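# coords please:
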Amino acid sequence: MAAKRIQSALISVFYKDGLEPIIKELDRLGVTIYSTGGTQSFIEGLGVKVEAVEDLTTYPSILDGRVKTLHPKVFGGILARREENHLAQLGDYDIPELDLVIVDLYPFEETVANTEEESAIIEKIDIGGISLIRAAAKNYRDVAVVPSRAEYGMILDMLQTKDGVTDLADRKELARRAFKISSHYDTAIFNYFDEHQTEDRSFKKSILHSQTLRYGENPHQEGIFYGDLEVMFEKIGGKELSYNNLVDVDAAVALMREFKDAAPTFAILKHTNSCGVATRPTILEAWTAALAGDNISAFGGILIANTTIDLATAQEIDKIFYEVLIAPGFTDEALELLTKKKKRILLRIKDFTVQTRSFKSLLNGVIEQDTDTRIEDRDELKVVTKKAPSQQQIDDLLFANIVCKHLKSNTIVLAKDHQLFGMGCGQTSRVDALKQAIIKAGAFGFDLQGAVMASDAFFPFPDCVEIAHEAGIVAVTQPGGSIKDQASIDYCDEHDMAMVMTGVRHFKH
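Below is the predicted model of the structure:
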């Protein structure tokens, strides 16, 4: 029962390219071919005999082609199990067995991409085609289905090398592909009708693409990326992006989105966390200041800029080993230099937009949330101490708050003059995060006198402002919301420190 010789075929496709050699092989093997409309005319044009589906059903194509194959004489021949009871019913109703179904689907996604005309889009929702694909795939034990042009090579090989005989494994693999196409197609249609289509359409369209990665987070783990990187980046050079590269690139883009309209800014990330960030009058100065934040962690890091990389900056970047360099542009001279190292990945970013929804798999499901795109401006800073921060300190507090938002919780950021001095992140206590930040700042030669501090969440006790004051910190930003906020405020007042509260927590787990 596993081996089946194809003796009859139903062919109805939108695209005809690649179909001719299959038709000729079916004709060589003496297979009876049934077809409709344009496909029927195409087959007849090849000089191959074809049976019209409307002769089989005794109904013409009606409703502007919306109904052609939806008939028991078609679906009965596909869905019938090749066993006595079903075969007897086929005989009773004069229904031929159909052993092969070759169908593709109306180009719904292409139509959505090329027009906003609703009537044109709706007409490209395939009904008969998707029904034929699902019916043939369901009955894979007896029927072979070719659900798209991508499978033409597979069926042609079966016809040529096996003389039209398919085995169960062949048919099951074709069925698997058919249901993948069916799922993909239905998802695309759902996305179009979804009430959030306007804001999420680019994301939903992109996740329909997939590519296998070299491996996942570690070599023993498999990895796949679902998305269309070409929408966001032009990959100029370097090796293929890995799972970890993609995770880091995502973090880098999310951070630099906050600085896309700022003066030249450079950031260096390692394992999704910033180890160097700086804003300066030129991109070379920004790079130099960012690297000074932690030139050890920068080794093998992800580099991102908010403006074009020139030759002078490229020459300095080229002195260290990095994994990925991202920028909106590169001068010709910079590209000539940077592309000499073939494994370094260069990405020209087209748009710093991030998706409005984020997802994470856990337990036996997935959680979804709004992406944290909120960032506070100076008008939202509430001064809660007797001393108000200076304008320069406010600028630094806003800078530190952005960097803090994109680090793993618990996190503390120390900054001055639009430069990251030290950070502590991923700690189980805010005190530990602050101590880590102070140690890192000292390790790279930064004097914290006059610097500012940002925290991703409130201070449950005044211990953090006490430690910060002892290190030289003069101004603090935090969300507030602790029942002991006043204790931290009182300490600042007693020690001539300024504190502002944002009212917005930025946990990042």
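
# got the contact list for S35?
The contact partners of S35, by CB atoms under 8 Å, 6 or more residues apart in numbering, come to L10, I11, S12, I43, V50, E51, A52, V53. For every residue, glycine as well, the C-beta is placed using N, CA and C.

# where does the protein dip in pLDDT?
Low-confidence segments of the chain (pLDDT under 70): 1, 58, 62, 64-69, 195-208.

# in the helix with the most length in the chain, which residues are buried?
Using DSSP state H, we find that the single longest helix of the chain is helix 168-193. Using 16 or more other CB atoms under 10 Å as the burial criterion, the residues of helix 168-193 that qualify are 170-171, 174-175, 177-179, 181-182, 185, 188-189, 191-192.

# A457: neighbouring residues, count only.
18 (other CB atoms under 10 Å).

# before we move on, what SS does it have?
Per DSSP: H, G, I helix; E, B strand; the rest coil, the local secondary structure of A457 is coil.

# surely it touches P479?
Yes - using CB atoms under 8 Å, A457 is in contact with P479, at 6.0 Å.

# sorry, back to before: can I get the buried residues of helix 168-193 in CSV including distance to L63?
Below are the buried residues of helix 168-193 laid out as CSV (distance: CB to CB, whole Å):
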residue, distance to L63
D170, 36
R171, 32
L174, 30
A175, 29
R177, 30
A178, 26
F179, 27
I181, 25
S182, 23
Y185, 21
A188, 23
I189, 19
N191, 26
Y192, 22
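
# C-alpha coordinates for stretch 180-193, PDB please?
Extracted in PDB, the C-alpha atoms of stretch 180-193 (Å, rounded to 0.1, in the frame of the first residue of the first chain):
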ATOM      1  CA  LYS A 180       3.300  24.500   6.400                       C
ATOM      2  CA  ILE A 181       2.200  26.500   3.300                       C
ATOM      3  CA  SER A 182      -1.400  26.400   4.500                       C
ATOM      4  CA  SER A 183      -0.500  27.700   7.900                       C
ATOM      5  CA  HIS A 184       1.700  30.400   6.400                       C
ATOM      6  CA  TYR A 185      -1.000  31.500   4.100                       C
ATOM      7  CA  ASP A 186      -3.700  31.600   6.700                       C
ATOM      8  CA  THR A 187      -1.400  33.600   9.000                       C
ATOM      9  CA  ALA A 188      -0.800  36.200   6.300                       C
ATOM     10  CA  ILE A 189      -4.600  36.600   5.800                       C
ATOM     11  CA  PHE A 190      -5.200  36.800   9.600                       C
ATOM     12  CA  ASN A 191      -2.500  39.500   9.900                       C
ATOM     13  CA  TYR A 192      -4.200  41.600   7.200                       C
ATOM     14  CA  PHE A 193      -7.500  41.400   9.000                       C
END
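
# and it, how far out from the chain middle?
17 Å (CA atoms, centre = their mean, to the nearest Å).

# surely S361 is within a helix?
No - applying three-state DSSP, one finds S361 to be strand, outside a helix.

# how many neighbours does it have?
8.

# and F321, by the same measure?
12.

# quick thing: my sequence starts at 307, can you match it?
Okay, residue one is now 307; in that scheme the one you just asked about reads as F627.

# pretty sure it sits against K649.
No - in this structure, F627 is not within contact of K649 by CB under 8 Å, at 9.6 Å.

# packing partners of the longest helix of the chain?
The contact analysis (3 or more CB pairs under 8 Å, 6 or more residues apart in numbering; DSSP states H and E) places helix 474-499 against helix 414-420, helix 434-444, strand 450-452, helix 458-467, helix 503-512.

# export the longest one as CSV, just CAs?
Written as CSV, here are the backbone C-alpha positions of helix 434-444 (Å, rounded to 0.1, in the frame of the first residue of the first chain):
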residue,chain,number,x,y,z
GLY,A,434,-10.4,26.4,-3.9
GLY,A,435,-6.6,26.1,-4.0
ILE,A,436,-6.2,26.0,-0.2
SER,A,437,-9.1,23.5,0.0
LEU,A,438,-7.5,21.2,-2.6
ILE,A,439,-4.1,21.4,-0.8
ARG,A,440,-5.6,20.5,2.6
ALA,A,441,-7.7,17.7,1.1
ALA,A,442,-4.8,16.1,-0.7
ALA,A,443,-2.4,16.5,2.3
LYS,A,444,-5.0,15.0,4.6
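
# by contact count, what packs against that helix?
strand 314-318, helix 378-385, strand 406-409, strand 450-452, helix 474-499.

# which strands or helices does the first one pack on?
Right, the one you point to is strand 314-318. Short answer (3+ CB pairs under 8 Å, 6+ apart): strand 314-318 packs on strand 338-341, helix 343-351, helix 378-385, strand 406-409, helix 434-444.

# and C770, that's in a helix?
Yes - under three-state DSSP, C770 sits within a helix.

# and stretch 590-605, how far from the chain's centre?
So, by CA atoms, centre = their mean, the centroid of stretch 590-605 is 29 Å from its chain's centroid.

# show the end-to-end separation of it, please.
From its first residue to its last, stretch 590-605 covers 18 Å (CA to CA, to the nearest Å).

# contacts for it?
Against stretch 590-605 from outside (CB under 8 Å, 6+ apart): 570-574, 576, 581-586, 611, 616, 618-619, 622-623, 626-628, 725-728, 746, 750.

# give the buried subset of those as a PyMOL selection command.
Selection of buried members from those for PyMOL, criterion 16+ other CB under 10 Å:
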select buried, resi 570+571+572+573+574+576+581+582+583+584+585+586+611+616+619+623+628+725+726+727+728+746+750
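
# quick one: distance of stretch 346-360 to the chain centre.
43 Å.

# quick check: end-to-end length of it?
11 Å.

# swap in stretch 757-772?
For stretch 757-772, by CA to CA, the gap between its terminal residues amounts to 14 Å.

# do the same with stretch 441-451
9 Å.

# and Q675, what element?
strand 671-676 (DSSP states H and E).

# direction included, what does the helix or strand following that strand pair against?
For strand 671-676, the following helix or strand on the C-terminal side (DSSP H and E) is strand 688-689. Sheet partners assigned to strand 688-689 using DSSP bridges are listed as strand 804-807 (antiparallel).

# for the strand it pairs with, the distance to its chain's centre please.
Distance, centroid of strand 804-807 to centroid of chain: 38 Å (CA atoms, centre = their mean).

# tabulate the helices and strands packed on helix 434-444 in JSON lines, adding columns for distance to M807.
Shown next, in JSON lines, are the helices and strands packed on helix 434-444 (distance: least, CB to CB, whole Å):
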{"stretch": "strand 314-318", "distance to M807": "66"}
{"stretch": "helix 378-385", "distance to M807": "67"}
{"stretch": "strand 406-409", "distance to M807": "62"}
{"stretch": "strand 450-452", "distance to M807": "62"}
{"stretch": "helix 474-499", "distance to M807": "40"}
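
# mind checking which of these is nearest T417?
helix 474-499 (9.7 Å; CB to CB).

# one step back: can you tell me which of the helices and strands packed on helix 474-499 is packed in deepest?
Mean neighbours per residue, mean count of other CB atoms under 10 Å, is largest over those for strand 450-452, with a mean of 28.

# may I have the strand holding Q675 as PDB, with CA atoms only?
Output of strand 671-676 as PDB, limited to C-alpha atoms (Å, rounded to 0.1, in the frame of the first residue of the first chain):
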ATOM      1  CA  GLY A 671       3.600  28.900  26.200                       C
ATOM      2  CA  VAL A 672       4.500  32.400  25.200                       C
ATOM      3  CA  ILE A 673       4.100  35.800  26.900                       C
ATOM      4  CA  GLU A 674       3.500  39.000  25.000                       C
ATOM      5  CA  GLN A 675       3.800  42.600  26.100                       C
ATOM      6  CA  ASP A 676       4.100  46.100  24.800                       C
END
